[in-house]
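Participant: got a structure for you, letters missing:
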């Protein structure tokens, strides 16, 4: 039901169009490649679009779908059924998870097409000039898409936990967006922790923060997966997936605990 | 036999602001709602009716006290499995058809796949929504929304049905139709709890009523008992001439009785309206 509701929204279509436009337009902007390979520029542009619009979708759509149930009071009807609060919240998450999956699949497929088309052109040019043709890994792109889906799922779970406690849509969106930014910068806290410092309190706060917030940067290994296939160990990918699943589960559990006490 | 709903010493305080000020919405409420009857819960706005219903349904937790539904603690899934609820001014996903909504609610309520089709159709029929069931909910009138809300509330054949303002915003013909549905549910042996401001309708369909004010229960009993004025009588007379009236008054005075008023009986505006517009079932 949540998926059907979400997929009908113009906001979803708007972000898909924006993301797709960004991926396709990367070909037109490839002269700005700053000395890197063309395929890398196109891939980075696509990764950026997926990250930016995917994050907006995960934060806004999750909060919007949750508060639509509260504000329209459909939650009253649903929670008066033999449905637990945790089941309600997980149902919301699964709906958002599916819409995020659809978003990632569409943009990844489009990025794959753009990369393939340009790789074909570059191969012809390379043959004529006797150089090595640039290439990319479709399998790597597939793994990257899975990681992005997982990253957006972590964000959605965090926003859902925030929304379960928040009174307003705006508060949930702002705090959710700030959490995404903090998650992108979480590695800084980990770096600081490695440095010797005299303050135990400072270190403790940093340690707690770095454990509570997922390191969203760890999902950004698109370059290595798509363009330098074989440079990322399967164990590293497995660890990132496990970490993503753990954070998703932990935030869903937290959201369910908070939502249990919420007065509808 | 246990009551349909048993409310024992329930109090609900809402915290207000950061200083922890409390607003008491329900104050030591105790109430027994017997099975198989239509029970009206009345009171002015802000008297604690809706909060009481929400506590009964487990949507809000009480500060103190205990509530059971058909013998089960009210917050349990078992209690909710036996309960159907129509919220005030219900809102449903507009892109669904009426039938899809009722089917979705049946799935959430645990109706088995084997019984699904017959349960959905029976609920739609009782709510007189079979004809419009394939239309998107976005095209429904207020009356139809209330009736499809009623269908989703009863699709899993609950023993207890709670209706919060089921006739709010509905025209008298639609309200009368909902009244008939409530009586049908009672005839099927269900307990119906009705929260309404339409006192005329409550009087017509309810067996018992409770009146709340400022979070407290101020009256509870059978409708005919609480409304009867046992020290007064009403005679409806045909062909009363002025002479006959004087003679009757003299005879009554001889027995120590006094005629307080003589008026013509009149039907209610609701009855007149329903007579005049019987053709349309719903706007």
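Facilitator: Done, it's in. Bear in mind that the values here come from a model prediction, so they are computed numbers and not experimental data. Residues are numbered from 1 along each chain as shown, chains lettered A, B, ... in the order given.

Participant: so what pLDDT did the closest residue to residue B:33 other than its chain neighbours get?
Facilitator: Excluding its sequence neighbours, the residue lying closest to residue B:33 (CB to CB, 6 or more residues apart in numbering or on different chains) is residue B:5, at 4.1 Å. (Each C-beta comes from the backbone N, C-alpha and C, glycine too.) Listed pLDDT for residue B:5 reads 93.

Participant: any idea how far residue B:5 lies from residue B:53?
Facilitator: Applying CB to CB, to the nearest Å, the value for residue B:5 to residue B:53 is 10 Å.

Participant: shared neighbours of these two, anything?
Facilitator: Common neighbours of residue B:5 and residue B:53 (criterion: CB atoms under 8 Å, 6 or more residues apart in numbering or on different chains): residue B:193.

Participant: When those two are compared, which one has more neighbours?
Facilitator: Counting neighbours by other CB atoms under 10 Å in any protein chain shown for residue B:5 and for residue B:53 shows that residue B:5 has the greater number, 25 against 22.

Participant: pretty sure that one contacts residue B:34?
Facilitator: No. Counting by CB atoms under 8 Å, residue B:5 sits too far from residue B:34 to count as a contact (9.1 Å).

Participant: joint contacts of these two?
Facilitator: Common neighbours of residue B:5 and residue B:34 (CB under 8 Å, 6+ apart) are residue B:191.

Participant: And the contacts of stretch A:80-87?
Facilitator: For stretch A:80-87, the external contacting residues (CB under 8 Å, 6+ apart) are A:79, A:256, A:259-260, A:262, B:57-59, B:77-78, B:80-81, B:83, B:85, B:87, B:105, B:108-110.

Participant: can you give me the offset of that stretch from its chain's centre?
Facilitator: Centroid separation for stretch A:80-87 versus its chain: 28 Å, with CA atoms, centre = their mean, to the nearest Å.

Participant: Buried residues in that stretch, which are they?
Facilitator: Neighbour counts using 16 or more other CB atoms under 10 Å in any protein chain shown place A:80, A:81, A:82, A:83, A:85, A:87 of stretch A:80-87 among the buried residues.

Participant: Among those residues, name the ones in helices.
Facilitator: Per DSSP state H, helices hold the following members of these: A:85, A:87.

Participant: want to throw the buried residues of stretch A:80-87 into CSV with pLDDT?
Facilitator: CSV is the format used below for those (pLDDT from 0 to 100):
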residue, pLDDT
A:80, 90
A:81, 91
A:82, 90
A:83, 89
A:85, 92
A:87, 93
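
Participant: Any part of stretch B:144-155 near chain A?
Facilitator: Yes. Stretch B:144-155 is in contact with chain A by CB under 8 Å from any CB of the partner chain, via B:149, B:152.

Participant: Check the offset of that stretch from the chain's centre.
Facilitator: Averaging C-alpha positions (CA atoms, centre = their mean) puts stretch B:144-155 14 Å from its chain's average.

Participant: so for it, what's the average pLDDT?
Facilitator: Average pLDDT, stretch B:144-155: 92.

Participant: and what of stretch A:127-147?
Facilitator: For stretch A:127-147, the mean per-residue pLDDT is 81.

Participant: Okay, buried residues for that stretch please.
Facilitator: Going by neighbour count (16+ other CB under 10 Å), the buried part of stretch A:127-147 is A:134, A:136, A:137, A:140, A:141, A:143, A:144, A:145, A:146, A:147.

Participant: what does stretch A:235-253 give?
Facilitator: For stretch A:235-253, a neighbour-count test (16+ other CB under 10 Å) marks A:237, A:240, A:243, A:244, A:247, A:248, A:250, A:251, A:252 as buried.

Participant: you'd agree the fourth one is up against residue A:151?
Facilitator: Yes. Proximity of residue A:244 to residue A:151 meets the contact threshold set by CB under 8 Å, at 6.6 Å.

Participant: which residues do those two both contact?
Facilitator: By CB under 8 Å, 6+ apart, the residues touching both residue A:244 and residue A:151 are residue A:219.

Participant: So which elements touch the lengthiest helix in chain B?
Facilitator: Secondary structure of chain B per DSSP H: the longest helix is helix B:172-187. Where contact means 3 or more CB pairs under 8 Å, 6 or more residues apart in numbering or on different chains; DSSP states H and E, helix B:172-187 is packed against strand B:38-42, helix B:113-126, helix B:142-154, strand B:191-195, helix B:199-205, helix B:269-276.

Participant: where do the helices sit along the stretch 101-250 of chain A?
Facilitator: With DSSP state H, counting those that start in this stretch applied, the stretch 101-250 of chain A shows helices at A:138-165, A:169-184, A:186-194, A:200-212, A:222, A:234-260, listed in chain order.
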